[in-house]
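*Asks:* sequence and predicted model, in that order:
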Amino acid sequence: MKFRILGVVAVGVDGTFHAVPGLRQRCLLASLLIQAPAVVPVSTLYAELWGENPPATVENALQAHVSRLRRTLVRMAGDPAAADMLRTRGSAYSLDVEPEDVDLHRFRDFLGRSRRAMAEGEMGSAAELLDKGLQLWQDPSLRDAAIGPLCRSAAMEWEEEYLSAQEDALWLRLLAGEPVRVVGELKRMSAAYPWRERSIELLMLALYRSGRQAEAVGVYNDARSRLVDELGMEPSPHLRGLFRKILNQDPGLHGAATSLSRTA
């Protein structure tokens, strides 16, 4: 069985993914997958499924949802042994899955391999690995299950990883000589996430390499005005340095690599 949490929560059998019925069943499965193979205390699961308003018989209610999820796994797998994946560990539960069976871990594996390839100068391989990792994302992570603090915080953490990976992929396309093709995506990202300076830097560089110096300067001026007016702060030294290079038409901005390297 495979599990998807980078989008709607789903279970895959023989290459086909099936939605998990019931909000609390999805939340329970997601909570176990986030921590797998570690155990999740029942107190954590109470907070995930019911927040500050658990039912009077919360222990029985949780056991009922665990039983339903076991039946769901058995039904989807077509194998009674699937129930054994969800284990009771005293006053906690765990899900017995391998990392490669969860899309989050496959994404992180692709991301790690891509960054190692970048460090070794193998930019083509790095781009291919990143593309494979990004293809695993279907929607915002845990879109239909993030009702508790554990799932909500995990979803926010994973979104940051996703955006950083997207920026890596666009940076690699810039290095490969595709500035015109990445401008649209970078405009979308900088509009959706106006405080991510790396997206702004990449957009400025892509515009400059596309022969649109004035637009690149305009992007910087807009970003600076937004930072000053709304946060009372100046852009970072790195962003200001790129701005000066664009104004001075620094020849290095058209080189195979620039100081605009990947951030950790």
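*Replies:* It's in. Predicted model, so just to flag it, every value in this text is computed and none were measured.
*Asks:* all helices for this structure, in order.
*Replies:* In the chain, helices defined by DSSP state H lie at 23-35, 42-50, 58-77, 103-119, 123-134, 149-175, 179-192, 197-209, 213-231, 237-247, listed in chain order.
*Asks:* most tightly packed of those helices?
*Replies:* Of these, the one with the most neighbours on average (mean count of other CB atoms under 10 Å) is helix 197-209, at a mean of 24. Where C-beta positions appear, they are placed from N, C-alpha and C, glycine not excepted.
*Asks:* next, the angle helix 179-192 makes with that one.
*Replies:* Interaxial angle, helix 197-209 versus helix 179-192 (axes from the mean of the first three to the mean of the last three CA atoms, to 10 degrees): 150 degrees.
*Asks:* quick one: contacts for the residue nearest to the spatial centre of the chain?
*Replies:* Centroid-nearest residue in the chain: Tyr162, 3.1 Å away (criterion: CA atoms, centre = their mean). For Tyr162, the contact set (CB atoms under 8 Å, 6 or more residues apart in numbering) comprises Leu6, Leu134, Trp137, Ser141.
*Asks:* so where is this protein shaky, pLDDT-wise?
*Replies:* Under the criterion pLDDT under 70, the flagged ranges of the chain are 255-264.
*Asks:* how is it divided into domains?
*Replies:* What automatic domain parsing lists as the domains of the chain is 2-98, 177-264.
*Asks:* closest to Ala127 out of those?
*Replies:* Of all these, domain 177-264 sits nearest to Ala127, with 10.3 Å by CB to CB.
*Asks:* so what's the gap between that closest one and the chain middle?
*Replies:* 23 Å (CA atoms, centre = their mean, to the nearest Å).
*Asks:* tell me the spacing between the residue nearest to the centre of the chain and Arg181.
*Replies:* As judged by CB to CB, to the nearest Å, Tyr162 and Arg181 stand 20 Å apart.
*Asks:* again, but for Ala145
*Replies:* Taking CB to CB, one finds Ala145 at 35 Å from Arg181.
*Asks:* for Ile246, give me its contacts.
*Replies:* Contacts for Ile246 (CB under 8 Å, 6+ apart) come out as Met204, Tyr208, Gln213, Ala216, Val217, Tyr220, Leu253.
*Asks:* no, scratch that, I was asking about Ala61
*Replies:* Going by CB under 8 Å, 6+ apart, Ala61 touches Leu49, Trp50, Pro54, Pro55.
*Asks:* which residues does the last one contact?
*Replies:* Read it as Pro55. When contacts are counted by CB under 8 Å, 6+ apart, Pro55 touches Ala61.
*Asks:* about what we covered before: of all the domains of the chain, which one comes closest to Met123?
*Replies:* That would be domain 177-264 among these, by CB to CB, at 9.1 Å.
*Asks:* and of the contacts of Ala61, the nearest to Arg196?
*Replies:* For the contacts of Ala61, the nearest to Arg196 is Leu49 (33.2 Å; CB to CB).
*Asks:* tell me how far Glu48 lies from Leu142.
*Replies:* Distance, Glu48 to Leu142, using CB to CB: 11 Å.
*Asks:* who touches both of those two?
*Replies:* Residues touching both Glu48 and Leu142 (CB under 8 Å, 6+ apart): Cys151.
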